[in-house]
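Participant: Please find the sequence and the predicted model below.
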Amino acid sequence: MGLYLRKELKNGAEISVWEVTESEEELLYYIKSEARRREKLAVRALLNTVFEEKVYIGHHDNGAPFIQNDLTHISITHTNRFVAIITHPTEEVGIDIESIERDFSAVE
């Protein structure tokens, strides 16, 4: 079905509702890049493997991920071949992986 309702409220907020009638495959269409879809699914598989309980990932305004239902700090990275996370119970963490085939001339 897709977008079911979109309404701007008097205070400037906007409510958007999606009616979920699509299959998983149809919903994956909205993530345009196949590589991006694979990365998102691989991250979810990794999270489901590492954590005993299901965790829900949100993103801060700066794009950094956080676990919505756990105080554990997390950083997530991905390349074409790998996805990786680093976690810490109390400290901020960061991780980055890059493909060695990547053109690094812009950052050299």
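Facilitator: Here it is on my side, so go on. The structure displayed is predicted, hence computed values, not measured ones.
Participant: Can you give me the buried ones in the helix or strand containing residue 85?
Facilitator: Using DSSP states H and E, residue 85 falls within strand 83-88. Buried residues in strand 83-88, counting neighbours by 16 or more other CB atoms under 10 Å, are found at 83, 85, 87. C-beta: built from backbone N, CA, C; applies to glycine.
Participant: And for it, what's in contact with it?
Facilitator: The contact list for strand 83-88 (CB atoms under 8 Å, 6 or more residues apart in numbering) reads 39, 42-43, 46-47, 50, 72-78, 93-95, 97.
Participant: Also stretch 6-15?
Facilitator: By CB under 8 Å, 6+ apart, the residues outside stretch 6-15 that reach it are 5, 16-17.
Participant: Out of the residues you listed, name the ones that lie in strands.
Facilitator: 5, 16-17 (DSSP state E).
Participant: low-confidence ranges in this structure?
Facilitator: Along the chain, the model assigns pLDDT under 70 to residues 1, 104, 107-108.
Participant: all strands in it, in order from the N-terminus.
Facilitator: 2-8, 14-19, 57-59, 65-67, 73-78, 83-88.
Participant: which one of the buried residues of strand 83-88 is nearest residue 103?
Facilitator: Using CB to CB, residue 83 comes nearest to residue 103 of those, at 21.3 Å.
Participant: Please report the distance of that closest one from residue 9.
Facilitator: Between residue 83 and residue 9 the distance is 38 Å, computed by CB to CB, to the nearest Å.
Participant: repeat for residue 32
Facilitator: Distance from residue 32 to residue 9, counting by CB to CB: 30 Å.
Participant: okay, the buried residues of strand 83-88 in a markdown table with distance to residue 25 next?
Facilitator: Rendered in a markdown table, the data for the buried residues of strand 83-88 read as follows (distance: CB to CB, whole Å):
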| residue | distance to residue 25 |
| --- | --- |
| 83 | 21 |
| 85 | 26 |
| 87 | 31 |
